[in-house]
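Student: Make a model of this:
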Amino acid sequence: MIRGRIDAVYKERGPDGDRYEIIDWKTGRTQTADPLQLAVYRLAWAERHGLPPSAVRAAFLYVRTGEIVRPARLPGRAGLERILRGETDDRRPPEGR
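Tutor: As a prediction, the model looks like this:
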């Protein structure tokens, strides 16, 4: 079990259905936030609401500068599970195992 608290979720209505954006506010002086935090929040929100992860974006908002950082790629469930098991790409088991 992983516990966390999502700072904000914004709903965006679109022609292809609703999309969501998770925002995690960062108040520190450095921009060293770990994108895996956003990956976990994104997956949790998607699964909790029965959405495909592609319907959920996630970003850090650095409060001191106003900069928004959206990581280009966030792992999905399989990628997060590999990371939590400590596996690396070179030891990755074949899909389906």
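Student: Now Ala33. Nearest residue, chain neighbours left out?
Tutor: Closest residue to Ala33 apart from its sequence neighbours, by Cβ to Cβ, 6 or more residues apart in numbering: Phe60 at 4.8 Å. To be clear about C-beta, it is placed using only N, CA and C from the backbone, and glycine gets the same treatment.
Student: For my notes, confirm that neighbour occurs in a strand.
Tutor: Yes: counting by DSSP: H, G, I helix; E, B strand; the rest coil, Phe60 is part of a strand.
Student: Please name the bridge partners of it.
Tutor: On the basis of DSSP bridges, Phe60 is bridged to Asp24, Val69.
Student: count of residues packed around it?
Tutor: 22 (other Cβ atoms under 10 Å).
Student: thought it was touching Thr32?
Tutor: No: the pair formed by Phe60 and Thr32 falls short of the contact definition of Cβ atoms under 8 Å, at 10.1 Å.
Student: about what we covered before: distance of the residue nearest to Ala33 from Arg3?
Tutor: 19 Å (Cβ to Cβ, to the nearest Å).
Student: same deal with Gly66?
Tutor: Distance of Gly66 to Arg3, given as Cβ to Cβ: 29 Å.
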